[in-house]
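J.: the sequence and its predicted three-dimensional model are supplied below.
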Amino acid sequence: MSDYDIIVVGGGPAGSTTAEHAARNGVSVLVLERREIIGEPVMCGEFMPDTSEMKVTFPKVSDMDELFDVPESLISRRMDLFRMIAPSGRYWDVRFAGYTTDRDRFDRFLSEKARKAGAEIRTSVRVTGVEGNEVITEEGRLSAKVVVGADGPLSTVARSLGFPRNKDMYPAVTGQAEGDFPPVMEMHFGSIAPGAYAWVLPKGHGANVGVGFSPKLADGRLIDHYANFLKRRGLTVTTRTVGKLVPSNGPIARTASESALVVGDAAGHVMAVNGGGIPIAMICGRIAGRAAASHVRDGTPLKEYEQEWRRQVAKPLHTAVNTKRMATMFMGTSRRTEWAMGVVGARRMGKMIRLRPVFP
Ligand SMILES: Cc1cc2nc3c(=O)[nH]c(=O)nc-3n(C[C@H](O)[C@H](O)[C@H](O)COP(=O)(O)OP(=O)(O)OC[C@H]3O[C@@H](n4cnc5c(N)ncnc54)[C@H](O)[C@@H]3O)c2cc1C
């Protein structure tokens with residue numbers, strides 16, 4: 001007899017969405033989250049694409065309106081223009097609808113949905129390992145028919161159970177800048193953020209700003225690149241600098257076993273071209289929750305989870321990995337970046353953001 005039908009490790013977007021959809025299907029669900037308060041501290045650019053854009057990017061995902069039904073109170077600022085800025089200051093504008101949110105409140109909203117669906121949420125509980133169907137915490141062991149690893153890029157669950165690990169992780173840091181910003185989402189490329197980009201994402205008040213880089217292409221420390229970006233862009237940040245790793249090599253090769261799943265960052269469910277992972281964590285979390293509940297209720301093999309998320313999102317995610325690999329060849333120096341951006345142009349940049357092949 002197990003303590004719970006399903007234990008989800010991690011209370012981020014992947015874990016909460018998995019928990020919500022499993023609980024909705026009538027099984028008992030426990031979420032274990034090591035943070036004291038869900039969503040804090042915020043380590044994110046806080047950008048979400050509009051649902052209309054998600055439908056274009058992931059045409060095989062159904063019921064997006066229901067999945068991404070976010071209350072207006074969680075929308076900090078709506079915008080529809082990305083500005084891609086080359087090292088010289090030359091830029092290309094790309095229409096793309098989206099919004100910034102307050103990620104701490106956003107994560108708590110998803111967690112609350114899971115709780116309302118019937119899941120139990122325990123915070124301040126760190127999982128140190130998983131052995132078979134037992135989840136080991138600092139307070140003891142708990143058993144479940146299905147264990148879900150939704151515990152981020154360095155997943156303890158994935159490591160314990162021998163799932164492949166994320167490769168090619170990019171560190172990224174962020175903070176909140178003060179001031180008034182026009183409704184334009186800036187992405188800065190070149191030696192300011194080798195192999196990735198620096199961003200300014202306006203919010204209702206101020207802006208979320210940050211830098212990510214490729215450790216293979218960058219010299220020096222990320223924090224110095226961040227300080228340099230703030231200085232050059234004239235940004236005043238008063239919040240603590242926080243950051244973590246972004247899986248940048250696409251989904252891992254195996255995400256399900258007989259009695260466990262991994263989802264979200266833990267599974268490499270991230271758009272490699274821009275590091276965005278919240279929407280995919282939610283899409284794959286919904287699939288994971290439903291599959292885990294079906295397994296508990298009628299023994300449906302968990303590999304159906306893997307088949308289903310691959311059917312819905314693998315193609316665009318792999319296109320993004322290929323595009324990123326190609327782009328990386330030109331992102332080592334500012335001169336090459338400048339040249340490559342001129343060749344690519346705004347129309348193809350729009351394709352890149354929407355995870356479409358850039359060259360036919
Ligand atoms: C600087 C930065 C900026 C980003 N900006 C954006 C953006 O603008 N838009 C976007 O879509 N994506 C962005 N991302 C990516 C996005 O944050 C992730 O893809 C997303 O959070 C993935 O959700 P998740 O639930 O899989 O993982 P997480 O949000 O990382 O959640 C995992 C949870 O598991 C918990 N946990 C971890 N280990 C344990 C353990 N052992 N025991 C218990 N709990 C544990 C963690 O505390 C955490 O709450 C950004 C990432 C970074 C680093």
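T.: All right, it came through fine. Note that the structure is a prediction, hence the values are computed from the model and not measured.
J.: list of residues touching the helix or strand containing residue 335?
T.: Per DSSP states H and E: residue 335 is located in helix 334-353. By C-beta atoms under 8 Å, 6 or more residues apart in numbering, the residues outside helix 334-353 that reach it are 82, 84, 86-88, 90, 92-96, 189-191, 273-274, 323, 327, 330-331, 357-359. All C-beta spots, glycine's among them, are computed from the backbone N, C-alpha and C.
J.: let me see the mean pLDDT of it.
T.: Averaged over helix 334-353, pLDDT sits at 94.
J.: stretch 285-298 too?
T.: 98.
J.: quick one: residue 236 and residue 176 touch, right?
T.: No - between residue 236 and residue 176 there is no contact under C-beta atoms under 8 Å: 10.0 Å.
J.: between the two, who's got more neighbours?
T.: Neighbours per residue (other C-beta atoms under 10 Å) separate residue 236 from residue 176, with residue 176 holding more: 20 against 12.
J.: state the distance from the nearest residue to the more buried one once chain neighbours are set aside to residue 209.
T.: In space, and not counting its chain neighbours, residue 176 is closest to residue 239: 4.5 Å by C-beta to C-beta, 6 or more residues apart in numbering. Distance from residue 239 to residue 209, counting by C-beta to C-beta, to the nearest Å: 10 Å.
J.: got it, and residue 71?
T.: Noted for residue 71: a distance of 25 Å to residue 209, by C-beta to C-beta.
J.: between the two, which one's more packed in?
T.: When neighbours are counted by other C-beta under 10 Å, residue 71 and residue 209 differ, and residue 209 comes out ahead with 26 against 8.
J.: what sits against the more buried one?
T.: Taking C-beta under 8 Å, 6+ apart, we find residue 209 in contact with 174-177, 198-201, 229-230, 233, 235, 237.
J.: hmm, back to that, mind listing the shared neighbours of residue 239 and residue 209?
T.: 175, 176.
J.: one step back: so of the contacts of helix 334-353, which ones are in strands?
T.: Those of the contacts of helix 334-353 mapping onto strands are 82, 84, 92, 93, 94, 95, 96, per DSSP state E.
J.: among the residues you listed, name the buried ones.
T.: Taking 16 or more other C-beta atoms under 10 Å as the criterion, what is buried in the ones in strands among the contacts of helix 334-353 is 82, 84, 92, 94, 96.
J.: so the closest residue to the last one other than its chain neighbours bridges to which residues?
T.: Using C-beta to C-beta, 6+ apart and skipping residues adjacent in sequence, the residue nearest residue 96 is residue 82, 5.1 Å away. Beta-bridge partners for residue 82, by DSSP bridges, are residue 94, residue 185.
J.: is it true that residue 287 lies in a helix?
T.: Yes - per DSSP: H, G, I helix; E, B strand; the rest coil, residue 287 lies within a helix segment.
J.: for it, which residues are in contact?
T.: Shown in contact with residue 287 (C-beta under 8 Å, 6+ apart): 305, 308, 309, 312.
J.: against the ligand, how distant is it?
T.: Look at residue 287 and the ligand: by C-beta to the nearest ligand atom, to the nearest Å, they are 13 Å apart.
J.: re the thing from before, I figured the residue nearest to residue 96 hits residue 91, correct?
T.: No - counting by C-beta under 8 Å, residue 82 stays clear of residue 91, with 9.9 Å between them.
J.: the ligand contacts on this protein?
T.: 9-15, 32-35, 43-47, 126-127, 150-152, 156, 172, 174, 210, 243-244, 246, 264-266, 270, 275-279, 281 (C-beta under 6 Å from any ligand atom).
J.: could you pull up the residues touching residue 324?
T.: Counting by C-beta under 8 Å, 6+ apart, residue 324 makes contact with 248, 272, 273.
J.: and of these, the nearest to the ligand?
T.: The ligand lies nearest to residue 248 out of those, by C-beta to the nearest ligand atom, at 10.4 Å.
J.: how many neighbouring residues does that closest one have?
T.: Other residues within reach of residue 248, judged by other C-beta under 10 Å, total 27.
J.: and it, what's its pLDDT?
T.: At residue 248, the model reports a pLDDT of 93.
J.: ok, it - contacts?
T.: Going by C-beta under 8 Å, 6+ apart, residue 248 touches 168, 169, 170, 196, 214, 270, 272, 275, 324.
J.: residue 38 sits in which helix or strand?
T.: Using DSSP H and E, no helix or strand contains residue 38.
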